[in-house]
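Sequence first, predicted coordinates after that:
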Amino acid sequence: MNIYTQQIVIGQDDIDMQRRVSNLRYVAWMQDVAVAHSAVCGWPMERYESISQGWVVRQHTITYKRPAFLGDVVTAATWIASYASRRSLRRYVFWNTEEKNLLAEAETQWVFIDMVSGKPVSVPEELQTSFPVVDKDATAIFKMLCA
């Protein structure tokens, strides 16, 4: 399966006024792990630039289950759940690495665009084959990776 995982150590800059990880931090991590997953699969930012095409966010959705705190180690996992002609759905799951508690489930609807015109274009077949679809929801992936 083509699931990318990355560990994150919660630092002071990740914490909000309630002394837990800021909601905005999860959005940043979603982008960070998507970019890292892309690079690992052979699509670093330079490759997108070379074809003048790339991804833009249409919509983020996050469901928070439990808070994370300063010093926690969080594992983020991401994968491609589906493709449409000009879009992809990328899912994410975040959990406390040590306690194996589910922290958040999320997804992003990405649109593939021409960087010059800004208009949506079809996702190239070569790109789709680099990121095989994983047809599982976040809870199933969490259970599989934490088993």
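Now that the structure is in, tell me what you want to look at. Numbering: from 1, shown residues only.

Give me the below-cutoff pLDDT ranges for this structure.
Scanning the chain for pLDDT under 70 picks out 1, 147.

Pull the lengthiest strand in it out as CSV, backbone CA atoms only.
In the chain, taking DSSP state E as the definition, the longest strand is strand 101-114. Extracted as CSV, the C-alpha positions of strand 101-114 are listed here (Å, rounded to 0.1, in the frame of the first residue of the first chain):
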residue,chain,number,x,y,z
ASN,A,101,-4.8,7.3,20.6
LEU,A,102,-6.5,8.6,17.5
LEU,A,103,-6.2,12.4,17.5
ALA,A,104,-7.7,13.5,14.2
GLU,A,105,-9.0,12.3,10.8
ALA,A,106,-8.8,14.6,7.8
GLU,A,107,-9.1,14.9,4.1
THR,A,108,-8.2,17.3,1.4
GLN,A,109,-9.8,17.7,-2.0
TRP,A,110,-7.0,18.8,-4.4
VAL,A,111,-7.4,20.2,-7.9
PHE,A,112,-4.7,19.7,-10.5
ILE,A,113,-4.0,23.0,-12.4
ASP,A,114,-1.9,24.5,-15.1
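
From the rest of the structure, what touches the helix or strand following it?
Later in the chain than strand 101-114, the nearest helix or strand by DSSP states H and E is helix 125-130. Residues from elsewhere that reach helix 125-130 (CB atoms under 8 Å, 6 or more residues apart in numbering): C41, G42, W43, Y83, F112. The way it works is simple: take the backbone N, C-alpha and C, and place the C-beta from them, glycine included.

List only buried entries from those.
Buried members of the contacts of helix 125-130, scored by 16 or more other CB atoms under 10 Å, are C41, W43, Y83, F112.

Which residue ranges of the chain form strands?
4-9, 53-64, 73-83, 87-96, 101-114.

Kindly compare burial across the ones you listed and name the winner.
strand 87-96 (a mean of 22; mean count of other CB atoms under 10 Å).

Send me it as PDB with only the CA atoms.
Taking Å, rounded to 0.1, in the frame of the first residue of the first chain, the C-alpha atoms of strand 87-96 are listed here in PDB:
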ATOM      1  CA  ARG A  87      -9.000  16.100  -8.700                       C
ATOM      2  CA  SER A  88      -7.700  13.800  -6.000                       C
ATOM      3  CA  LEU A  89      -8.900  13.100  -2.600                       C
ATOM      4  CA  ARG A  90      -6.100  12.700   0.000                       C
ATOM      5  CA  ARG A  91      -6.800  11.400   3.400                       C
ATOM      6  CA  TYR A  92      -4.900  11.700   6.700                       C
ATOM      7  CA  VAL A  93      -4.900  10.300  10.100                       C
ATOM      8  CA  PHE A  94      -3.000  11.600  13.200                       C
ATOM      9  CA  TRP A  95      -2.400   9.600  16.400                       C
ATOM     10  CA  ASN A  96      -0.400   9.800  19.500                       C
END
